[in-house]
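Asks: coords below, sequence missing:
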C-alpha cells in the first residue's frame, strides 16, 4: 500500500519534469529532444487549423519548426494537476505563460493551458495526447489556439461601476 | 515514522492541487466549484476595502461575481511553500501572476501572493483563511490589494548610476 | 530502498522551497535571509560583467543591494527540475519570470532560468553555485544576463508567411 503511494509520488515528479522538459526543448529549439518526450503515435492539437495539429512525434517535430519564426521564446509552466487512470496511464492539466519575440523585436504572449494524456512506455512517461487551450493573450498574439470555455454571468448581472474591486 | 512523512508528502500534493483548482475555477468562473474549495466558515481578504473581503464561502462566491467585469482572466500560481501545524492544519504561501482583460481589450496584471491557512475537514483539505498581497502591478491594474512590505535601503545607500547591473 | 526514495522526495521539496525562499527574500529585500540560503563559499554569476558576479554569500548580499534601484520586484519561479549527484549534492534548473519597477513607474521584465548546484551542509540544503540565463526580455530590461543558447534553423529553412500558426 505505502509502496504504491510512494510510486505514484515518484510518477508525479517524473511527469512534472517531463512537462518542464517540453518547455526547455521548445525554448532551445532542440526538436529531436522534444520529439522523444511524446509517444511515437501521439496526437497534438494547439488549435482548429490543421497546421496546428500533428499525428505522431515525427510529424510533430516537423510542424514545430514553425517556432523558428520567433527569435526567442520562453514557456513558464505552472498549476500542474495530475490524475492517474492506471499504473501507466495519467491525465494532466497545467498552465503556461508563453512569451514570444519576433526578429523585429515585437512580442506576443499567450496565457494558456495544456490538457495532456500521458502514458508510460518502456518504463518512461511520455505525452500521448496534448491539447492546448487559451485563457487569454495580449494584442500581439494572433495564433488561433482553442479558447477556454468560461461561464457567462447570470441573466441580469450588473457589473460594479468602479475599477477598484 | 516513514508513513507519516509519506502522508505529509501526499498532503502537500493535495494542497498544491487545491490552490491550482482555485485558479482554474476563477478563470472559468465556476463559482460553485470555487466555493467548495473553502471551508464554510472561511475568511478571505484581498484588500482593505470591505468589498474585497468575505466571511464564509457563500459570501465569497457572491462577492467574486465581480470577476465577471473582466472578459478573460488567467491566474498562474507558483513558489508554493507549505508548513504543517498539525495533522489537519497547515499554512501556505504562494505567488500568483494574475492577468485580466476588459471587454474593451485593455488589460491589468498583478504580481501577487496568497497567504493561506488550510484545514482538513471530512478528509479534504480546504482554504480556511486567505489573504492576498501585491508585490507589484502594471499601470492597468487599479484594485487596492494589500501591499507587500519591503525592506528599505540602509541610510545613505546610493543607487548605481547605470541600468546594466 | 523505499526509505531512500522517500528521502529524495523530501529533499526535492526542501530544494523547491529553498528556491522559492530566494525569490521571497529578494522581493522583500531581506538580504540577510537571502544570504543564509547560499553556502558561505558560494559562487553566483548573473552575467559576464564582474559586478553581476559574487564569491561567497557575504559578497553576494552586498552586491544584491543593487536591487534597491528598483522600487518593486516580483520573481515567479517554475519549471523546476532536480537531479541528485549524491546524498548531499544536487543540480537544478528552473525558470523565472522576474518583473521589476523603477521609481518612475517604468518596468523591466526578464524571462530567465537559474542553473544551480546545491549542497546539503549541517543538514540544510543551500545554493552553492548559481548561474542565470536569459531566454528573453522586454524592451525595458537592460541588464546583461548570460543569453540562453538556442539552436538555429537548418540551412534553407523558410518561415511560414503568416502569423496564424
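Replies: Structure's in. What do you need? What you see is a predicted model; the values in this text were computed from it and never measured.
Asks: When you work out contacts or count neighbours from here on, use the C-alpha atoms and nothing else.
Replies: Noted.
Asks: Show me what the strand or helix carrying residue A:131 is packed against.
Replies: Assessed by DSSP states H and E, residue A:131 sits inside strand A:124-137. The contact analysis (3 or more C-alpha pairs under 8 Å, 6 or more residues apart in numbering or on different chains; DSSP states H and E) places strand A:124-137 against helix A:2-27, strand A:38-45, strand A:107-121, strand A:146-147, strand B:72-86.
Asks: Say whether chain B is contacted by the first one.
Replies: It stands for helix A:2-27. Yes: Helix A:2-27 reaches chain B (C-alpha under 8 Å from any C-alpha of the partner chain) through A:2, A:6, A:9.
Asks: Need the buried ones from those residues selected in ChimeraX.
Replies: Remark: buried members of these, expressed as a ChimeraX selection using 16 or more other C-alpha atoms under 10 Å in any protein chain shown:
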select /A:6,9
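Asks: filter the residues of helix A:2-27 next to chain B by proximity to chain C?
Replies: Answer for those near chain C (C-alpha under 8 Å from any C-alpha): residue A:6.
Asks: And the residues of helix A:2-27 next to chain B, which is closest to chain C?
Replies: Nearest to chain C, judged by C-alpha to the nearest C-alpha, of those is residue A:6 at 7.2 Å.
Asks: Could you measure from that closest one over to residue B:9?
Replies: To residue B:9, residue A:6 is 9 Å away according to C-alpha to C-alpha, to the nearest Å.
Asks: And for residue A:86?
Replies: Relative to residue B:9, residue A:86 is positioned 21 Å away (C-alpha to C-alpha).
Asks: cool, residue A:63 as well?
Replies: If you go by C-alpha to C-alpha, the gap between residue A:63 and residue B:9 works out to 39 Å.
Asks: In contact with the spatially most central residue of chain A, which residues are there?
Replies: Chain A has residue A:114 as the residue nearest its centroid, 3.3 Å off, counting by C-alpha atoms, centre = their mean. When contacts are counted by C-alpha atoms under 8 Å, 6 or more residues apart in numbering or on different chains, residue A:114 touches A:92-96, A:130-133.
Asks: That one bridge partners, please.
Replies: In this entry, residue A:114 is beta-bridged to residue A:94, residue A:132, by DSSP bridges.
Asks: so residue A:28 makes contact with residue C:151?
Replies: Yes: in terms of C-alpha atoms under 8 Å, residue A:28 counts as a neighbour of residue C:151; the distance is 5.8 Å.
Asks: So which elements touch the helix or strand in which residue A:97 is found?
Replies: Using DSSP H and E, residue A:97 maps to strand A:89-102. Identification of packing neighbours for strand A:89-102 by 3+ C-alpha pairs under 8 Å, 6+ apart yields strand A:70-86, strand A:107-121, strand B:72-86.
Asks: Okay, now stretch A:32-52: how far is its last residue from its first?
Replies: Stretch A:32-52 end-to-end distance (C-alpha to C-alpha) = 19 Å.
Asks: Go ahead and name everything in contact with it.
Replies: Applying C-alpha under 8 Å, 6+ apart, the contact partners of stretch A:32-52 are A:18, A:21-22, A:25-26, A:53-58, A:60-61, A:63, A:119, A:121, A:126-133, A:144-146, C:165.
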